[in-house]
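sequence below, structure please.
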Amino acid sequence: MHKLSVTLAMAFSAAITASQAATPPALGTAPDAAALPRVEFVFDERVTLAPAVVLGETALGHRQYIPITGGKVAGPKLNGEVIPGGWDFQLRHASGCGSLSADYFLRASDGTVIHVLNEGFSCAAAVPAERTFTHPRFEAPKGKYEWLTRGSFVATIEVENSPAAAGQPPKLEAVRIRFYQIR
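This next block holds a predicted model:
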């Protein structure tokens with residue numbers, strides 16, 4: 001046992017010496033392109049929505065939530081449906097920027113249920129050319145979809161409005177969310 005301890009200590013010491021020998025790049029220097037994170041498209045959701053339930057103006061801003069009524073999930077890594085019953089909580093600030101927090105469940109095509117908490121901050125209403133990005137987190141049971149729980153993700157959101165009736169603004173019908181895993 002003593003020889004093993006000495007061997008491990010020597011290996012640890014050698015690793016520290018080797019890491020100290022390499023000169024790290026200056027702070028703020030961009031890494032090589034090969035070291036940069038990449039994103040991989042994993043799936044799309046089309047989430048259908050009920051009309052917003054408006055709390056109105058609060059000390060924090062305009063508060064509302066939108067009930068999630070269902071939807072479809074399709075992509076190279078996950079297929080299934082959005083389970084009705086989730087919520088998209090929204091807070092819009094006077095600046096036009098706002099935060100969202102959507103909390104809902106998916107059912108994979110094999111019946112596995114997966115929890116989604118998708119949060120973000122956007123100024124797309126104030127700056128129309130700005131895209132809305134969110135940072136989703138998943139909680140999946142151990143097994144086939146555990147990679148969702150362990151992974152890091154980013155998503156984009158696009159709003160789908162129904163055609164506007166004469167003299168009426170378009171009605172929010174659904175959102176399309178594209179999920180990308182950061183590698």
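
low pLDDT regions in the protein?
Along the chain, segments meeting pLDDT under 70 span 1-21, 126, 128-129.

what segments of it are helices?
Secondary structure of the chain (DSSP state H): helices at 2-21, 146-150.

quick check, residue 42 in contact with residue 79.
No - assessed by C-beta atoms under 8 Å, residue 42 is found out of contact with residue 79, at 10.9 Å. The C-beta positions use only the backbone N, C-alpha and C, and glycine is treated the same way.

higher neighbour count, those two?
For residue 42 versus residue 79, neighbours defined as other C-beta atoms under 10 Å are more numerous around residue 42 (18 against 15).

so how far is residue 182 from the more buried one?
Between residue 42 and residue 182 the computed distance is 11 Å (C-beta to C-beta, to the nearest Å).

what is in contact with the two at once?
By C-beta atoms under 8 Å, 6 or more residues apart in numbering, residue 42 and residue 182 have these common neighbours: residue 153.

to what extent is residue 154 buried, counted in neighbours?
16.

you'd agree it is up against residue 40?
No - between residue 154 and residue 40 there is no contact under C-beta under 8 Å: 10.7 Å.

identify the contacts common to these two.
residue 180.

bridged to the spatially most central residue of the chain, which residues?
Nearest to the geometric centre of the chain sits residue 136, at 2.2 Å (C-alpha atoms, centre = their mean). The bridge-partner assignment for residue 136, based on DSSP bridges, gives residue 118.
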